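Trainee: starting from these lines, generate the structure:
(2 chains)
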Amino acid sequence: MNMINIKVAAIEQVTPLVKHFTFVNKDGTALPAFSGGSHVVVSLDINGRVHRNPYSLMGSPEDTSAYHISVRKQEKSRGGSEYMHENVAVGMQFKITYPVNLFSLAKKGRKHILIAGGIGITPFMSQIADLKRTGADYELHYAFRSPEHGAFVSELEQGCGTKFHCYTDSNGERLNLDELLSQQPLGTHVYVCGPNSMVVAVLEKARNFGWPENHIHSEQFLAPPIGEPFKMQLARSNKEILVPAEMSMLEAIEAAGVEADFLCRGGVCGRCELQVLETDGALMHNDHFLTDAEKASCKKIMPCVSRAKCERLVLDI
Amino acid sequence: MERGYWIRSKPVYTSLMWQEKATSHLVVAQGSGGMAVLKIFQQMHPKQPITVLYAPSSDSIVDYASTLKKVVPEGLQLFDSVQEMLTTLKEILPTMYMGMRVYVAGSEGFIWTIAESAKEFGIEDIDMIKELTGTLARSIYCVHCKAITHNITTNIGKCAGCERMLFVRDHFSRRLGAYMGLMVDAESPGQLPEIEEIYP
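Mentor: Okay, here's the model as predicted:
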């Protein structure tokens, strides 16, 4: 896969749990253009094991001199976010993928309602730059645990003015979805990025008010869950490999030297889909891509986030 | 038509059915589409507010206006022409909220006239429930002179603009509300396949 070599130009501690990283091209030239809502996959070599994590680009798409990402330190980190927080320093170099957008703004939308929870604010930072440039009508609703965890609040207050609404959970402030979604003008689109409970609540509320599916947008990158180790066979490569507890199937395939397709590595895009040729147990689907019927069929799996509980699993790769 | 083969742009029409999840309902019909409105009111009425707009059509022998007055419990507005209806529609839509479901019934020309007006307010045609009533007659867009000829019921029709004989294709323009028409005898002038009524 074609990658970009970048250099860490700056690191800023934004909240007790969030760090903001600025990347520039290693050779000093401009980085590839991107649109609001795009992400890149950062590739880290940690003790000989390659970690690849998706992060939303936060900067303005008009500025390609640098990319900006923010990383929240995860409590149950498999190593990626912890490494970013503890070990990455200014001047370090690594590889990232070209930007991909799985969370783009609906260009024909007449109004845009952006709903962020915690670190879910990041894709909206670049989208807001796009919305401001086109003069589109929008509202940003941002909920977070407590004042010290509200990353980029003053920046957003300044940039978005009255379009910005924030909700501090510890102050008892709650976003009222009934109020927000029941009286929006025709042609409004809603976008949500945040913890699972928030995403589910917004999707359900919008659907219940009769919002058409194509007006409802969400992004939720999943970290591959830690599970039981299991073995799998790669039919075309003629290899039998072990998937350790803290590694995803995709990572195990890559570690075995087999090239696999991927884009988001978070169960969203569908690019890494593999055909399951044979299995004698249960597939544990964790992605947001396959339909329920596809998941039930046991014929396909998203190796970036899903796992299996079985004695035998044969994949077409 | 070859089995399993489908022109993606060709619209799919269904029957009007109330959508349970909604903030309000807007039913728009013309001419024979009045029957589709009477049919939807045979179903359980939804809880949310309903608005019904109806205009008669010169193609439809039956005017459903008087029956609709008896059946529609609230929010019925009758018009003499589609033009008048569109004026009202453009006044109503800015006051409506997301979750308003749109139901359209009538001729294909009428359905896409409404779709074009609704689009200005951010309603995409895929979000509307559309029922084609009365006739399958097509509007065709001449790819040679760009004129649109209405009410073509045959596989080949004469362009009202340039008088070329056009083969009526399934390729459909949502913007124009018309199917593509292509000169049928360009290579052998005057030699026409049999002209048959297939869109009665």
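Trainee: ok, residue A:265 - contacts?
Mentor: A:41, A:52-54, A:221, A:250, A:272, A:304-305 (Cβ atoms under 8 Å, 6 or more residues apart in numbering or on different chains). No exception for glycine: its C-beta is placed from N, CA and C like everyone else's.
Trainee: for the stretch 1-150 of chain A, which segments count as strands?
Mentor: Here the stretch 1-150 of chain A has its strands, by DSSP state E, counting those that start in this stretch, at A:3-13, A:18-25, A:38-46, A:49-56, A:67-72, A:93-97, A:100-101, A:111-117, A:137-144.
Trainee: residue A:187 against residue A:110, yeah?
Mentor: Yes. Taking contacts as Cβ atoms under 8 Å, residue A:187 lies within contact range of residue A:110: 3.4 Å.
Trainee: more neighbours, those two?
Mentor: residue A:187 (21 against 17; other Cβ atoms under 10 Å in any protein chain shown).
Trainee: who are the neighbours in contact with residue B:73?
Mentor: Residue B:73 touches B:45, B:50, counting by Cβ under 8 Å, 6+ apart.
Trainee: quick check: phi and psi on it?
Mentor: phi -70, psi -30 (degrees, to the nearest 10).
Trainee: residues in the stretch 1-150 of chain A within reach of chain B, list them.
Mentor: A:108-111 (Cβ under 8 Å from any Cβ of the partner chain).
Trainee: what subset of the residues you listed is buried?
Mentor: Among the residues of the stretch 1-150 of chain A next to chain B, those classed as buried by 16 or more other Cβ atoms under 10 Å in any protein chain shown are A:109-111.
Trainee: nearest to chain B among those?
Mentor: residue A:110 (4.2 Å; Cβ to the nearest Cβ).
Trainee: that closest one and residue B:30: what is the separation?
Mentor: Per Cβ to Cβ, to the nearest Å, residue A:110 is found 26 Å from residue B:30.
Trainee: same check, this time on residue A:188
Mentor: From residue A:188 to residue B:30 the distance is 28 Å (Cβ to Cβ).
Trainee: kindly report the same for residue A:43.
Mentor: From residue A:43 to residue B:30 the distance is 59 Å (Cβ to Cβ).
Trainee: and the two? which has more neighbours close in?
Mentor: Comparing residue A:43 with residue B:30 by neighbour count (other Cβ under 10 Å), the higher total belongs to residue B:30, at 29 against 15.
Trainee: give me the beta-bridge partners of the more buried one?
Mentor: Residues in a beta bridge with residue B:30, per DSSP bridges, are residue B:55.
Trainee: doesn't residue B:53 make contact with it?
Mentor: No. Using Cβ under 8 Å, residue B:30 makes no contact with residue B:53, being 9.0 Å away.
Trainee: name the residues contacting each of the two.
Mentor: Common neighbours of residue B:30 and residue B:53 (Cβ under 8 Å, 6+ apart) are residue B:85.
Trainee: tell me the pLDDT of residue A:49.
Mentor: Reported pLDDT at residue A:49 in the predicted model: 82.
Trainee: tell me who's in contact with it.
Mentor: A:79, A:247, A:251, A:255.
Trainee: repeat that for 7 Å
Mentor: Each residue near residue A:49 by Cβ atoms under 7 Å, 6 or more residues apart in numbering or on different chains is listed here: residue A:255.
Trainee: then the one 10 residues further on?
Mentor: Shown here is residue A:59, whose contacts under the criterion Cβ under 7 Å, 6+ apart are A:66-68, A:126.
Trainee: by neighbour count, which of those wins?
Mentor: Busiest of these [other Cβ under 10 Å] is residue A:126, holding 29 neighbours.
Trainee: and stretch A:101-117, which residues are buried?
Mentor: A:101-106, A:109-117.
Trainee: what segments of chain B are helices?
Mentor: B:33-40, B:65-71, B:82-92, B:108-119 (DSSP state H).
Trainee: can you name the residue of chain B nearest to chain A?
Mentor: Closest point on chain B to chain A, by Cβ to the nearest Cβ, is residue B:122, at 1.5 Å.
Trainee: burial measure for that residue, as a count.
Mentor: Residue B:122, neighbours per other Cβ under 10 Å, totals 20.
Trainee: please name the nearest non-neighbouring residue to it.
Mentor: residue A:187 (1.5 Å; Cβ to Cβ, 6 or more residues apart in numbering or on different chains).
Trainee: my read: that neighbour touches residue A:107, true?
Mentor: No. Assessed by Cβ atoms under 7 Å, residue A:187 is found out of contact with residue A:107, at 11.9 Å.
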